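# pasting a predicted model and its sequence here:
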Amino acid sequence: MKVDVVLGLQWGDEGKGKVVDVLTPNYEVIARFQGGPNAGHSLEFNDSKFVLHTIPSGIFHDTINVIGNGVVIDPVILSEEIEQLESTGADLTNKLVISKKAHLILPTHRILDAASEAAKGKDKIGSTLKGIGPTYMDKTGRNGLRIGDTIAPSYMQKYDALKQKHLSLLKHYDFQFDVAEYEQKWFAAIENLKRFKFIDSEHVINQYLKDEKTILAEGAQGALLDIDFGSYPFVTSSNTICAGACTGLGIAPTRIGEVYGIFKAYCTRVGSGPFPTELEDEVGEEIRKIGREFGATTGRPRRTGWLDLVALKYAVMLNGVTGFIMTKADVLDTFDSIKVAVRYKVRGEEVDYTPYEIDEPIEPVYKEFKGWKTDISNSKSYDELPVELKDYIKFIEEETGVPIKIVSVGPDREATIVRSL
């Protein structure tokens, strides 16, 4: 048995939540493998919208949902998320389990994040200020507090030691803060989470495989934000690529099956960092407006631009993508023409790779396509799609060597065309 993986191939916000929700009926277990509550996975169905920050996107189905060891958890945010879902009548008690090895975001982690970002001034990277970076730093520095520690006798001793470490670091910043109110909520949230089963997730996941349960691993953010292979330092704090599913769940590389890579029919990016195809004009604004391109977690307007095929091929290489899922094709319904960057011009030379020097001036070399100029949001099959969109899809498939298996034509789970899986 293999673990299939769903992950983003751009700078996040590709629509992973909807896709996982659509795919979940084919699986018995959905497992989130990295990231923290800076992710916002939006799901829309039955005239309702939900934004999940930590809970796997299979939670609305009859599946087991695992928060893996590679995830960092803010108990307050997770507890509020649980309460929101339970207020709709959902019973999560037997559907949600949490890895004992998942690290905790402390109140002082959030303060350190805000203080550090403020100190960077104009050089800030665009952190969501959720404390995620400092938490991963403590994890790699072997100072972290994990979910499993909260049920151990030494829990408060470990918490206090880490808090004092943070308070000592904060003395180096000119930053005003008050930890008491959030800390009170934090401890209450920890007690609330103890209603759920804390598991040795690596053993449980591998037992599921032995029992031949179908498993889908869900990533957060996107491949181009990977801590190793993204546009460093304008990246997230974890490994967002497929390899992160192995370390974030405790499975061997040979256990990876299908790798579904999600990309928008165009590109967006939140925060700072290079964006070769960015459109800082009325076209970019129109894409933002039609696509409702505002962060699900922060509400920040997303930067918008044309599809970047150079970056997409890079993401395919890193992840071993076996099938594409294209989202938000409907956002481009009204455009006369659509462009795709097929190469970069760097120092006057055309190249087909992403340069190491992220501050190097990059001029995209575009191929232009005729727009389809028709509403595709009610399309139910691939045959119903306009020929211009089919030409666009065919070009991407030929250039990357990867088939587009699903085309999303709207935010609702029903607005999904499945070609093959």
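Alright, I've got the coordinates.
# show me where the stretch 151-300 of the chain has strands.
Under the criterion DSSP state E, counting those that start in this stretch, strands of the stretch 151-300 of the chain are mapped to 197-199, 215-218, 256-264, 267-269.
# got phi/psi on the residue lying closest to Q10 once chain neighbours are set aside?
Excluding the flanking residues, the one nearest Q10 by C-beta to C-beta, 6 or more residues apart in numbering is G222, at 4.8 Å. For glycine as for every other residue, the C-beta is placed from the backbone atoms N, C-alpha and C. Dihedral pair for G222: phi -150, psi 160, per degrees, to the nearest 10.
# what does the one 5 residues further on give?
Dihedral angles of I227 (phi, psi; degrees, to the nearest 10) stand at phi -60, psi -30.
# about what we covered before: mind putting the strands of the stretch 151-300 of the chain into a markdown table with mean pLDDT, distance to Y232 and mean neighbour count?
Below are these laid out as a markdown table (pLDDT from 0 to 100; distance: least, C-beta to C-beta, whole Å; neighbours: other C-beta atoms under 10 Å):
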| stretch | mean pLDDT | distance to Y232 | mean neighbour count |
| --- | --- | --- | --- |
| strand 197-199 | 98 | 33 | 17 |
| strand 215-218 | 98 | 24 | 28 |
| strand 256-264 | 98 | 21 | 23 |
| strand 267-269 | 96 | 15 | 26 |
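# surely E218 and V6 touch.
Yes. Using C-beta atoms under 8 Å, E218 is in contact with V6, at 5.6 Å.
# need the helices for this protein, in chain order.
16-23, 75-86, 107-120, 132-140, 155-170, 180-193, 201-210, 243-249, 282-290, 309-319, 387-400 (DSSP state H).
# give me the angle between the third one and helix 155-170.
Regarding helix 107-120 and helix 155-170, their directions subtend 10 degrees when assessed with axes from the mean of the first three to the mean of the last three C-alpha atoms, to 10 degrees.
# residues in contact with stretch 270-287?
11-13, 124-127, 231, 234-235, 266-267, 269, 293, 295, 298, 300, 302-308, 310-311, 331-332, 334-335, 339, 341, 344, 358-359, 362-364 (C-beta atoms under 8 Å, 6 or more residues apart in numbering).
# could you do stretch 141-160 as well?
So stretch 141-160 is contacted by 73, 98-104, 106, 135, 138, 162, 165, 190, 193-194, 198 (C-beta under 8 Å, 6+ apart).
# mind checking which of these are buried?
For the contacts of stretch 141-160, a neighbour count by 16 or more other C-beta atoms under 10 Å gives the buried set as 73, 98-104, 106, 135, 138, 162, 165, 190, 193, 198.
# any common contacting residues for E218 and V6?
Here E218 and V6 share the contacting residues K16, V20, scored by C-beta under 8 Å, 6+ apart.
# return the residues in contact with the nearest residue to Q221 once chain neighbours are set aside.
Nearest non-adjacent residue to Q221, counting by C-beta to C-beta, 6+ apart: G12, 4.3 Å away. With contact set as C-beta under 8 Å, 6+ apart, G12 has these partners: A39, A220, Q221, G222, L225, T236, R269, V270.
# the residue nearest to Q10: neighbour count?
26 (other C-beta atoms under 10 Å).
# same deal with the one 4 residues further on?
For D226, the neighbour count with other C-beta under 10 Å is 25.
# please apply the same query to E183.
Neighbours around E183, by other C-beta under 10 Å: 16.
# now it: how far from L129?
17 Å (C-beta to C-beta, to the nearest Å).
# from G36, how far off is V66?
16 Å.
# using PDB, write out every CA atom in stretch 48-58.
In PDB, the C-alpha atoms belonging to stretch 48-58 read as follows (Å, rounded to 0.1, in the frame of the first residue of the first chain):
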ATOM      1  CA  SER A  48     -21.200  27.400   3.500                       C
ATOM      2  CA  LYS A  49     -17.500  28.300   3.700                       C
ATOM      3  CA  PHE A  50     -15.000  26.900   6.100                       C
ATOM      4  CA  VAL A  51     -11.300  27.900   6.500                       C
ATOM      5  CA  LEU A  52      -9.100  25.200   8.100                       C
ATOM      6  CA  HIS A  53      -5.700  26.200   9.600                       C
ATOM      7  CA  THR A  54      -4.500  23.000  11.200                       C
ATOM      8  CA  ILE A  55      -7.200  20.400  10.900                       C
ATOM      9  CA  PRO A  56      -6.800  18.200   7.700                       C
ATOM     10  CA  SER A  57      -9.300  19.000   5.000                       C
ATOM     11  CA  GLY A  58     -10.900  15.600   5.000                       C
END
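# now that stretch: average pLDDT?
Mean pLDDT, stretch 48-58: 86.
# not counting it itself, show me its contacts.
Under C-beta under 8 Å, 6+ apart, the answer for stretch 48-58 is 16-18, 20-21, 24, 27, 30-32, 36-44, 59-60, 65-67, 71, 73-74, 77-78, 81-82, 84-85, 88, 92, 96, 216, 218, 296-297.
# pull out the buried residues from those residues.
Buried members of those, scored by 16+ other C-beta under 10 Å, are 16-18, 20-21, 24, 27, 30-32, 36-44, 59-60, 65-67, 71, 73-74, 77-78, 81-82, 85, 92, 96, 216, 218, 296-297.
# run through this structure and note the low-pLDDT ranges.
Flagging of the chain using pLDDT under 70 yields the residue ranges 39, 46-47, 122-126, 296-298.
# how does it look with 80?
38-50, 120-127, 295-299, 358, 421 (pLDDT under 80).
# just the buried ones from the contacts of stretch 270-287, in ChimeraX syntax?
Buried members of the contacts of stretch 270-287, defined by 16+ other C-beta under 10 Å, are picked up in ChimeraX with:
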select :11,12,13,125,127,231,234,235,266,267,269,293,295,298,302,303,304,305,306,307,308,310,311,331,332,335,339,341,344,362,364
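# in this structure P411 contacts V22, no?
No. Contact criterion C-beta under 8 Å: P411 and V22 do not qualify, at 11.6 Å.
# wait, what's in contact with F263?
Per C-beta under 8 Å, 6+ apart, neighbours of F263: G8, L9, Q10, E14, L307, L312, A315, F324, I325, M326, T327.
# ok, A329 to I67 distance?
For A329, the distance to I67 - C-beta to C-beta - is 31 Å.
# thinking again about what came up before, need the contacts of G12 in TSV with distance to K2, can you?
Shown next, in TSV, are the contacts of G12 (distance: C-beta to C-beta, whole Å):
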residue	distance to K2
A39	24
A220	21
Q221	23
G222	23
L225	26
T236	26
R269	32
V270	32
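# just give me the closest of the residues you listed to I251.
Nearest to I251 among these is A220, at 17.3 Å by C-beta to C-beta.
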